[in-house]
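Peer 1: need coordinates for the below:
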Amino acid sequence: MVTKGWALAQSGRFEDAIATTDTVIERFGRADEPIMLECVARAMVNKGWALDQLKRYDEEIGAYDAVINWFARRTEPVLLESVARAMVNKGAALGTS
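Peer 2: Below is the predicted model of the structure:
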């Protein structure tokens, strides 16, 4: 589903991409397995990017804040990579909002 959301965003179907990422977050956001949390974190970052493309900067910043808040205390490198990406993207969004 994460790949589907990204593909939708890449094809310009940003609202559909956001809906898909919301489904991933809703269905798997409470998982304990790092592989599932990786999917959630990536979906959340992708959602922020899709919101950026729609120029919905306040929501974009909120999406990145969610990634940071959910995963900043984790120790798995793949999750911290999503946190770092969210921080960088949030900085860019703050510069345009």
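Peer 1: wait, residue 37 touches residue 67, no?
Peer 2: No - contact criterion CB atoms under 8 Å: residue 37 and residue 67 do not qualify, at 11.0 Å. From N, CA and C alone the C-beta is placed, and that goes for glycine too.
Peer 1: give me the more crowded residue out of those two.
Peer 2: residue 67 (26 against 21; other CB atoms under 10 Å).
Peer 1: next up, the contacts around the nearest residue to residue 38 once chain neighbours are set aside.
Peer 2: Leaving aside its chain neighbours, residue 38 sits nearest to residue 78 (4.9 Å; criterion: CB to CB, 6 or more residues apart in numbering). By CB atoms under 8 Å, 6 or more residues apart in numbering, the contact list for residue 78 reads 34, 38, 41.
Peer 1: mind checking the end-to-end distance for stretch 3-22?
Peer 2: From the first residue to the last, stretch 3-22 extends over 13 Å; the measure is CA to CA, to the nearest Å.
Peer 1: buried ones in it, by neighbour count?
Peer 2: 5, 6, 8, 9, 14, 16, 17, 18, 20, 21 (16 or more other CB atoms under 10 Å).
Peer 1: give me the number of residues near residue 83?
Peer 2: 20.
Peer 1: go ahead and confirm it touches residue 72.
Peer 2: Yes - if you go by CB under 8 Å, residue 83 and residue 72 touch, sitting 5.2 Å apart.
Peer 1: still on that earlier bit, among the contacts of residue 78, name the ones in helices.
Peer 2: Counted as lying in helices by DSSP state H, out of the contacts of residue 78, are 34, 38, 41.
Peer 1: the last one: neighbouring residues, count only.
Peer 2: To tie it back to what came earlier, the one meant is residue 41. 28.
Peer 1: got the contact list for the residue lying closest to it once chain neighbours are set aside?
Peer 2: Distances taken as CB to CB, 6+ apart put residue 82 closest to residue 41, at 3.6 Å, once the chain neighbours are dropped. Residue 82 makes contact with 38, 41, 42, 44, 45, 67, 71, according to CB under 8 Å, 6+ apart.
Peer 1: swap in residue 60?
Peer 2: Counted by CB under 8 Å, 6+ apart, residue 60 has contacts 48, 49, 51, 52, 89, 93, 97.
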